[in-house]
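K.L.:
All I have is the shape, not the residue letters:
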């Protein structure tokens, strides 16, 4: 084969800039890593493949902006299948690493450095080691690249930040970052996934509401239960999940909170075990330590009425977050009691009305 120029000959021996950038882009698409981390990869690695396993290797990675104590990390690159003897693997991070390792082997010798992705620039040799033209791609936009264009056919640049963001949005898992960073910095900006996030939230709320409804059956005494407690308190207490002593205190109003009674103030799931509960009285409605009986119905009816009234005054998501679970429990309890919500709410005293509104305005919270 004859070459028309030295540049043509070099292009057959070493990767060119667009080829090195293509390898970096492919590696980012496979891993979701930052461009700086991919371009900082080295050829130094260890093989971690056991007999019968898919190929895998471990190399070092760096993300400087995480700080000096958290910037260095181990990167495990694996293949999704066993390699074919006559075919390169472009479909896995392990395969792309092996390709970059092989194509840059000679250039690395001239650079005298272990960088994984390297290329030769015949036109821009000044400033490279010994001015030979061997270098690594710069971080930022890659290109323009042939084959990557808009409708006009003009080659476009590839934004490495968009590549990473797209990977994170597609795979929904953190890559060299905290889970909170993934959610608050990347996924929250993804408007296309908003409906799916809302579906997840709606599903979680639905599950919570169904759980509450099931538990309500064992936490509310009916008028019939109250009458039965006069003749056989042990049986009613057992069904209610409390001792006879606690049952007596509930019926006497000695354990009342705002809209129910608390049967175990020192073992709440919302506070430190063994210490008096300091959680919001609104959480009593969904707490396993909460019990209610017909005497609580008027206050519960007023609470439900007030919660429904606030729905038009707040963002739907905020109302769902704060008030959907207690409202669902109130609706179920009042249905179990066969209560007329409007009529029962009208029976509440002025003092209880002020108490309920103070609760919903967070005036009863312990700072």
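P.N.:
In hand now; what should we look at? All values derive from a computational prediction rather than experimental measurement. Numbering: from 1, shown residues only.

K.L.:
Could you use CA atoms for every contact and neighbour count after this?
P.N.:
Fine.

K.L.:
Pull the contacting residues for residue 25.
P.N.:
residue 160 (CA atoms under 8 Å, 6 or more residues apart in numbering).

K.L.:
and the gap between it and residue 87?
P.N.:
20 Å (CA to CA, to the nearest Å).

K.L.:
which residue ranges form the strands in the stretch 201-350 of the chain?
P.N.:
Remark: strands assigned in the stretch 201-350 of the chain by DSSP state E, counting those that start in this stretch are 261-262, 290-291.

K.L.:
right, so of those, which gets closest to residue 349?
P.N.:
strand 261-262 (18.2 Å; CA to CA).

K.L.:
what separates the closest one from the chain centre, distance-wise?
P.N.:
How far strand 261-262 lies from its chain's middle: 35 Å, per CA atoms, centre = their mean, to the nearest Å.

K.L.:
just checking, what packs against that strand?
P.N.:
strand 290-291 (3 or more CA pairs under 8 Å, 6 or more residues apart in numbering; DSSP states H and E).

K.L.:
Dump the strands of the stretch 201-350 of the chain to CSV, plus distance to residue 47.
P.N.:
What follows is the strands of the stretch 201-350 of the chain, written out as CSV (distance: least, CA to CA, whole Å):
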stretch, distance to residue 47
strand 261-262, 60
strand 290-291, 58
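
K.L.:
Select, out of those, the one closest to residue 176.
P.N.:
So among the strands of the stretch 201-350 of the chain, strand 290-291 is nearest, using CA to CA, at 43.5 Å.

K.L.:
Quick one: list the elements packing against that closest one.
P.N.:
Applying 3+ CA pairs under 8 Å, 6+ apart, one finds that strand 290-291 contacts strand 261-262.

K.L.:
Can you list the strands that the lengthiest strand in the chain pairs with?
P.N.:
When the chain is scanned for its longest strand (criterion: DSSP state E), the result is strand 141-149. Each strand paired with strand 141-149, and its direction, by DSSP bridges: strand 155-159 (antiparallel).

K.L.:
Can you give the contact residues for the strand it pairs with?
P.N.:
140-150.

K.L.:
sorry, back to before: quick one, which of the strands of the stretch 201-350 of the chain gets closest to residue 36.
P.N.:
strand 290-291 (54.6 Å).

K.L.:
Off-centre distance for that closest one?
P.N.:
Distance of strand 290-291 from its chain centroid, counting by CA atoms, centre = their mean, is 33 Å.

K.L.:
can you check stretch 327-347 too?
P.N.:
On the basis of CA atoms, centre = their mean, stretch 327-347 sits 36 Å off its chain's mean C-alpha point.

K.L.:
buried ones in that stretch?
P.N.:
Within stretch 327-347, the residues scored as buried using 16 or more other CA atoms under 10 Å are 327-334, 337, 339, 341, 344-345.

K.L.:
can you check stretch 110-117 too?
P.N.:
Going by 16+ other CA under 10 Å, stretch 110-117 has these buried residues: 111, 114-117.
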